[in-house]
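1. Kindly return the folded structure for what I paste below:
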Amino acid sequence: MEKINIVVCSNDTEYKVALKNKLVDDNIEIIGYADIEPSAKVRIQGFVPDVVAFLVSSIDIDQEFMDFVDDMALDSMGAVPIILTDEVTVDLVNLAAQSGVRQVMDISIGGEEFCKNITKLTSKERKHSVTQHTEKKTRSRVYAFFSGKGGVGKTTLCTNTAVALASRGKKTLLIDLDLQFGDADMALDVAPNETIVDLSRDLNGISLDSITSSCTTHPSGFLLLASPSSPELAEYVTSAAVKSILDIARNYFEYILMDCGCALVDPVITALENSDTIFMVNDVNILSLKRAKVCMNVIQQLNQGDKAKLVINKNVKKNNVKISDFENLLGIPAFAVISSDFKSVNSSLNNGQPVVVYKPRSPIARDMNSFVDKIVLEREGTLSKSKKNKFGKKNS
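-> You can find the predicted model right below:
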């Protein structure tokens, strides 16, 4: 059965925890959270959920709150709105029904009953969508490329992934969140007119137009939101700005990649918390092994451990440190292994072309394309053929 994705909209932490504890069905999962505020609609739309659960005290459920729910227009995105509260009355149920809420439940409802109700409601909505020939939008995915150690090839992997996705016809955004020393623009041989600092300081606020106008278009077709031009400008990029960028970008881009710096500053922590997948990029040496464990501990402390996927970069066959050492230490299997090829990577950088384009038949390019194929399969369930990119070449 297709997974049921829930977005929780609430300002009450206790209610959020209570709902999370009710998910006794592995087929139902919470994919995101939103506060009860005007910007919630944009955030919820970006997640493309099956169910939106509003968790709120009964004393706060009035006409103003129901207008807030009604303005979401959740029907238009194929999402089922429900309310969980502390006291369910006939008047409250009737008021909620007028705003399209499918069901009002007591927050104390048991886990099995809750999951049964959600499954039934979602099944009805999906059948209705088929009858009405409504095609549900595929949810965008946000990927954070992260490492606690520099020099592991994180930027090279991230930029090549963006090029490979764009070459497959995917709407892709790459955000360079190495705020002090990011160099994705140099790796891609582009010269941005604006950076994430200009976007964050835009007096008109962050919108889709301001995001796209602050980006630089790479020849392969994806957009790059470059890092600050100077380290001291990093302080102008706030956590709130990063969150807003992701919330809005989700509604347009299919794939959002973030090249995160090694420093766990607030904007990077926000990026990790708002991502769908955290690629922990490591090369095979003892220093990376040590840092990988430290990073995993931090990610778990942030309650983001279930998002972590291990990527081994610069892999060499003869090495005292093995891939299995990382897998055993972190408790997760390697999602992808990228071979070591310093000569090809260095040559591609010096020529201003990512290796998947510069040397598409090289082993490292094949590994990177296999990595991208796996990402696409995981999100879409199918693979599309690579399209001819603006360099005039095809990905192998």
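2. use CA for all of it now, contacts and neighbours both
-> OK.
3. Low-confidence bits of this protein, can you list those?
-> By pLDDT under 70, the low-scoring segments of the chain are 1, 129-138, 383-396.
4. Mind giving me the packing neighbours of the longest helix seen in the chain?
-> In the chain, assigned by DSSP state H, the helix with the most residues is helix 111-131. Helix 111-131 sits against strand 80-85, with contacts defined as 3 or more Cα pairs under 8 Å, 6 or more residues apart in numbering; DSSP states H and E.
5. May I have the strands that pair with the strand it packs on, each with its orientation?
-> strand 51-55 (parallel), strand 103-106 (parallel) (DSSP bridges).
6. where do the helices sit along the stretch 251-396 of the chain?
-> 266-273, 286-301, 323-330, 342-350, 355-358, 363-380 (DSSP state H, counting those that start in this stretch).
7. Please name whichever of these is nearest to residue 149.
-> helix 286-301 (6.4 Å; Cα to Cα).
8. returning to that earlier point: now the element after the longest helix of the chain, going C-ward?
-> Note on helix 111-131: by DSSP states H and E, the next helix or strand toward the C-terminus is strand 141-146.
9. gap between the residue nearest the centre of the chain and residue 328?
-> The centre of the chain sits closest to residue 142, judged by Cα atoms, centre = their mean, with a distance of 1.8 Å. Distance from residue 142 to residue 328, counting by Cα to Cα, to the nearest Å: 26 Å.
10. Enumerate the strands of the stretch 201-350 of the chain by residue range, in sequence order.
-> 216-217, 223-225, 255-260, 277-283, 308-315, 334-339 (DSSP state E, counting those that start in this stretch).
11. Tabulate these in TSV, adding columns for mean neighbour count and distance to residue 172.
-> What follows is the strands of the stretch 201-350 of the chain, written out as TSV (neighbours: other Cα atoms under 10 Å; distance: least, Cα to Cα, whole Å):
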stretch	mean neighbour count	distance to residue 172
strand 216-217	20	10
strand 223-225	26	6
strand 255-260	26	5
strand 277-283	25	15
strand 308-315	21	20
strand 334-339	19	20
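12. for those, which one sits closest to residue 382?
-> Nearest of those (Cα to Cα): strand 255-260, 15.1 Å.
13. so what secondary structure elements neighbour that closest one?
-> strand 141-146, helix 154-167, strand 172-177.
14. now, of these, which is deepest in the fold?
-> Stretch with highest mean neighbour count among those: strand 172-177 (a mean of 27; mean count of other Cα atoms under 10 Å).
15. elements contacting it?
-> Using 3+ Cα pairs under 8 Å, 6+ apart, strand 172-177 is in contact with helix 154-167, strand 223-225, strand 255-260.
16. Take the first one, keep the C-alpha atoms, and write them as CSV.
-> What follows is the C-alpha trace of helix 154-167 in CSV, where atoms were taken according to Å, rounded to 0.1, in the frame of the first residue of the first chain:
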residue,chain,number,x,y,z
LYS,A,154,31.1,17.1,-0.7
THR,A,155,30.9,20.1,-3.1
THR,A,156,32.1,18.0,-6.0
LEU,A,157,29.5,15.4,-5.4
CYS,A,158,26.7,18.0,-4.8
THR,A,159,27.5,20.0,-7.9
ASN,A,160,27.7,16.9,-10.1
THR,A,161,24.4,15.6,-8.7
ALA,A,162,22.8,18.9,-9.6
VAL,A,163,24.1,18.7,-13.2
ALA,A,164,23.0,15.1,-13.6
LEU,A,165,19.5,15.8,-12.3
ALA,A,166,19.2,18.8,-14.6
SER,A,167,20.4,16.7,-17.5
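17. residues making contact with it?
-> Residues outside helix 154-167 that contact it (Cα atoms under 8 Å, 6 or more residues apart in numbering): 145-147, 171-174, 183-184, 187-188, 220-222, 257-259, 281, 354-356, 368-369, 372, 386-389, 394-395.
18. Residue 311 is in contact with residue 277, correct?
-> No. At 11.8 Å, residue 277 does not count as touching residue 311 under the criterion of Cα atoms under 8 Å.
19. who's the residue nearest to the centre of the chain bridged to?
-> Here residue 142, judged by DSSP bridges, has bridge partners residue 256.
20. give the contact list for it.
-> Going by Cα under 8 Å, 6+ apart, the list of residues near residue 142 reads 250, 255-258, 274-277.
21. one more time with 6 Å, if that's ok
-> 256-257, 275-276 (Cα atoms under 6 Å, 6 or more residues apart in numbering).
22. again with residue 312
-> For residue 312, the contacting residues are 282-283, 337, by Cα under 6 Å, 6+ apart.
23. what do you get for residue 369?
-> Counted by Cα under 6 Å, 6+ apart, residue 369 has zero contacts.
24. That one and residue 258, how far apart?
-> Applying Cα to Cα to residue 369 and residue 258 gives a distance of 18 Å.
25. Check residue 90 too.
-> Taken as Cα to Cα, the span from residue 90 to residue 258 is 47 Å.
26. Check residue 99 too.
-> 37 Å.
27. Residue 338 now?
-> Distance from residue 338 to residue 258, by Cα to Cα: 19 Å.
28. what's the neighbour count on residue 23?
-> 17 (other Cα atoms under 10 Å).
29. for residue 302, that is, sorry about that
-> Residue 302 - counted by other Cα under 10 Å - has 12 other residues nearby.
30. Kindly report the same for residue 119.
-> With other Cα under 10 Å as criterion, residue 119 counts 18.
31. any idea how far the nearest residue to it once chain neighbours are set aside is from residue 40?
-> In space, and not counting its chain neighbours, residue 119 is closest to residue 4: 7.6 Å by Cα to Cα, 6 or more residues apart in numbering. According to Cα to Cα, residue 4 stands 20 Å off from residue 40.
32. go on, residue 106?
-> Residue 106 is 23 Å from residue 40, by Cα to Cα.
33. Many thanks, we can stop here.
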